[in-house]
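Asker: sequence and computational prediction follow.
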Amino acid sequence: MFIKHRVNCDDKKNNAGNRLIDFCKFNDLFICNGRTGHDKSVGKLTCKNASVVDYVLCSSKLVKNIDDFEILDFNSLLSDVHCPISFTLHFDDVLNTTISCNNPTKMEEGINKWKAEKAVDFVNNIDDDSIKYITDLINNCNDPLELNIDELIDKCCNILLHAAKNSLGINIKKRNVNNKSVASNKPWFDLNCKKARKTYRQCKVQYRRRRNEYFYNKYKESEKAYKYTMNKSIKTYKYDVRKKLETMKSKNPRDYWKLLKGNGNRKPKGKIPLDTFFNFYKDLNASVDDGITDLHEGHDGPINEFFNSDITKD
């Protein structure tokens, strides 16, 4: 729901704020802060916990498509002073998109996350006839070695998946078919950074689920540790590269210049066939018959023979 009156914890206004309001009035735009989602009737501060300088603007036609809006807690990994803003849009109409042949994608069907309130629906959607068929198949078998265990497990999994789809719903995801490994542009991001990032993400999820002081402090400590680990890795990487350059410059100049040039990610130059050059200059130097046979024809004045003489070294 989008309320008309906007709430704002920052009660100060300057010339920049007046210009922003005039801009919204002239262009039929609305400020989302303090009007919708988790920030409705709150107007949370966005900068240094002292002012609101980060806004989300939307048109009057887009207001109905806003599902959620929230000012998240400050994160030193994302900004120095600004809080991140999260908002969600929904669209009922399905847009026709053209999939490029150079980057083919594959549509995959997935099941939504488990919800405790859907437990009764999940149990009711389990197919009793399929369970009875599997039970009878096991009970009527005299020799257990004759049973195909893999087939029975697949049938049990299909029963649970069918119940989950009917109770939890499904979602469609796009996946890139070309599973080519992308070269990392952060060579300094080592194993220690990955471990620190994993710990940070775990603490972040824990704090979102249990918003209390203990998990908040744990989340902030992991954030500081993650940032410290990255800065340390960057500093170590730069030091190693500098030492490597100093050594290679005197002992291995060829590899030294290769390293300075980079990994060769340059755009390929166009290769023009030699015949194309030959035909171009051949046509360029070809004589053109424009119908003039005598340049002196119709010229009554004196003729300077110096310009008509042959060009020599003298």
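Answerer: Looks like it came in fine.

Asker: V63 touches F30, doesn't it?
Answerer: Yes - because the distance of 6.3 Å satisfies C-beta atoms under 8 Å, V63 is recorded as touching F30. Where C-beta positions appear, they are placed from N, C-alpha and C, glycine not excepted.

Asker: buried ones in stretch 14-31?
Answerer: 20, 29-31 (16 or more other C-beta atoms under 10 Å).

Asker: all strands of this structure, in order?
Answerer: 29-31, 57-59, 66-71, 85-89, 105-111, 170-176 (DSSP state E).

Asker: got TSV for these, with mean pLDDT and distance to E246 too?
Answerer: Listed next are the strands of the chain as TSV, based on pLDDT from 0 to 100; distance: least, C-beta to C-beta, whole Å:
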stretch	mean pLDDT	distance to E246
strand 29-31	91	55
strand 57-59	91	52
strand 66-71	90	48
strand 85-89	90	45
strand 105-111	75	46
strand 170-176	74	41
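
Asker: common neighbours of V63 and F30, please.
Answerer: By C-beta atoms under 8 Å, 6 or more residues apart in numbering, V63 and F30 have these common neighbours: F2.

Asker: and I153, how many neighbours does it have?
Answerer: Using other C-beta atoms under 10 Å, I153 has 10 neighbouring residues.

Asker: so for it, what's the pLDDT?
Answerer: Note for I153: predicted pLDDT of 88.

Asker: the chain should start at 57 in everything you say after this.
Answerer: Got it, first residue is 57 now, which makes that one I209.

Asker: picking that back up, of the strands of the chain, which is nearest S107?
Answerer: strand 122-127 (12.4 Å; C-beta to C-beta).

Asker: and that closest one, what's buried?
Answerer: For strand 122-127, by 16+ other C-beta under 10 Å, it's 122, 125-127.

Asker: now it - C-alpha only, PDB.
Answerer: This file holds the C-alpha atoms of strand 122-127, laid out as PDB (Å, rounded to 0.1, in the frame of the first residue of the first chain):
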ATOM      1  CA  ILE A 122       5.800  -1.900  -5.900                       C
ATOM      2  CA  ASP A 123       5.600  -4.900  -3.600                       C
ATOM      3  CA  ASP A 124       8.100  -4.000  -1.000                       C
ATOM      4  CA  PHE A 125      10.500  -1.200   0.000                       C
ATOM      5  CA  GLU A 126      13.100  -1.200   2.800                       C
ATOM      6  CA  ILE A 127      16.100   0.700   4.100                       C
END
